[in-house]
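# Structure, please.
(chains A and B)
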Amino acid sequence: MAERTMNARKRQPPELEVPPLRPDGLQLDEERAFQRRFWTAERWAWIVFAAIIAVALAGLTGASGPLARTSLAAGGGQTDLPRIARLDAPETFEIVFNEEQPMHRLVISKSFADYFQIEDIQPQPQRSLLLPDARALEFPAEAAPPHRVTIHARARRAGLARYAIGLDGPAITATTLILP
Amino acid sequence: METVLRGIAIYFVLLIVLRLSGRRSLAQATPFDFVLLLIIAETTQQALLGDDFSMINAILLIITLFTTDVALSYVKQWSPRAALLMDGAPTVLISRGQPDAEALRRARVSVEDVLEAARQKHGLQRLEEIEFAILEPSGSLSIVPKSGG
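Reported below is the predicted structural model:
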């Protein structure tokens, strides 16, 4: 009998925590002090949620929005590119050649290819040349400028992408933040 | 590796956002809340899988999510503080028939919500018939009627 009682005692979980009995008779651990702090934290979190939405609407999380893209003058033209991009999301790079030339040359540094995979170029370049640490794309032109080239690319790596773009002249450095 | 990291990241983002959005968001689900949940599920699925629809990716993801869940249940068992943080604690909204205005307001539960739960669970008609109303960590409302009520 005594042995059975011992065994029953042994089978008891080592730490069986029972909620305290409240003065009103309820047996529960309300943790009101914690709950008050948590309610305050909740309200702050909602402000943070609203701020995140505002940041997204401004375009600072990429895709679209007034601050999502930037325009840079590069050599003989202008380029409109994403300031903030998203991993695996499609992005558009708009190139505008402003100078009248029979052949426009777009030079993109190799570091661009480290972060972006080009999916399509419109119009297609007549020639593609491999340069040291860069690639040159040549587009024949006839009519008066501006001449537009659109590159559709997909970000393949998250991080701060720094790359050089040259439009019929010296290259400039562009930066795109790729969010995961 | 990316699949595992994606799974863990999304698990914790969902855990934090759902917890901070308040427990009422899930438990007292209106038809619109149900639609919201479906949208969250669909959005999460795309973020979890990316453009890799292979079976191995899905298997890895399922294992990652379950393992994270099991690991967190152990963390909660070892640390009551972590359990409190992740699951919350019950909140007494009505004690001995007295509504707690602060608790009701801050937990975003109206007297109408309490009366609705009282009607559904115990067929109670009036507030005076309720001895205790407790907002449980799961988000449901527990109603204890007055004895003899």
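# Only C-alpha atoms from now on, for both contacts and neighbour counts.
Noted.
# contacting residues for residue A:178?
Neighbour list for residue A:178: A:84-87, A:155, A:157-161 [criterion: CA atoms under 8 Å, 6 or more residues apart in numbering or on different chains].
# now the helix or strand where it lies: how far from the chain's centre is it?
Following DSSP states H and E, the helix or strand that holds residue A:178 is strand A:171-179. Strand A:171-179 sits 13 Å away from the centroid of its parent chain (CA atoms, centre = their mean, to the nearest Å).
# try stretch B:130-141
For stretch B:130-141, the distance to the chain centre is 13 Å (CA atoms, centre = their mean).
# Same question for that stretch: list its buried residues.
Using 16 or more other CA atoms under 10 Å in any protein chain shown as the test for burial, stretch B:130-141 gives B:130-137, B:139-141.
# for stretch A:116-133, same thing?
Neighbour-count burial for stretch A:116-133 flags A:116-118, A:125 (criterion: 16+ other CA under 10 Å).
# Contacts (any at all) between chain B and the lengthiest helix in chain A?
The longest helix of chain A (DSSP state H) is helix A:32-58. Yes - with CA under 8 Å from any CA of the partner chain as the criterion, chain B is reached by helix A:32-58 at A:32, A:35, A:39, A:41-42, A:45-46.
# Quick one: list the elements packing against that helix.
Judged by 3 or more CA pairs under 8 Å, 6 or more residues apart in numbering or on different chains; DSSP states H and E, the packing partners of helix A:32-58 are helix B:2-20.
# Could you count how many residues lie near residue B:100?
14 (other CA atoms under 10 Å in any protein chain shown).
# Check the spacing between it and residue B:114 real quick.
12 Å (CA to CA, to the nearest Å).
# which secondary structure element contains residue B:118?
Element membership for residue B:118 (DSSP H and E) is helix B:111-122.
# Would you mind pulling the contact partners of that helix?
For helix B:111-122, contacts defined as CA under 8 Å, 6+ apart pick out B:104, B:124-127, B:130, B:133, B:141-143, B:145.
# follow-up on the earlier one: out of the buried residues of stretch A:116-133, flag the one nearest to chain B.
Distance to chain B across the buried residues of stretch A:116-133 (CA to the nearest CA) is lowest for residue A:117, with 14.9 Å.
# quick one: what helix or strand has the closest one in it?
Here residue A:117 is assigned to strand A:116-122, by DSSP H and E.
# Next: residue A:105.
Residue A:105 belongs to strand A:103-109 when assigned by DSSP H and E.
# strand partners of that strand, parallel vs antiparallel please.
Strands flanking strand A:103-109 in the sheet, each with its direction: strand A:134-140 (antiparallel), strand A:159-167 (antiparallel) (DSSP bridges).
# Most tightly packed of those strands?
Scoring the strands paired with strand A:103-109 by mean neighbour count under mean count of other CA atoms under 10 Å in any protein chain shown gives strand A:159-167 as the most buried, with a mean of 20.
# so which of the strands paired with strand A:103-109 comes closest to residue A:23?
Closest of the strands paired with strand A:103-109 to residue A:23 is strand A:159-167, at 56.9 Å (criterion: CA to CA).
# Buried residues in the strand holding residue A:178, which are they?
Using 16+ other CA under 10 Å as the test for burial, strand A:171-179 gives A:171, A:174-179.
# The residue nearest the centre of chain A and residue A:66: what is the separation?
What sits nearest the mean C-alpha location of chain A, by CA atoms, centre = their mean, is residue A:179, with 2.1 Å. Residue A:179 sits 17 Å away from residue A:66, taking CA to CA as the criterion.
# Same question for residue A:60.
9 Å.
# Those two: which is more packed in?
A direct count of neighbours by other CA under 10 Å for residue A:60 and residue A:66 places residue A:60 higher, at 21 against 11.
# and residue 66, which of the three is it?
With no chain named, the answer covers chain A. coil (DSSP: H, G, I helix; E, B strand; the rest coil).
# Make sure it is actually in contact with residue A:58.
Yes - Residue A:66 lies in contact with residue A:58 (CA atoms under 8 Å); the separation is 5.7 Å.
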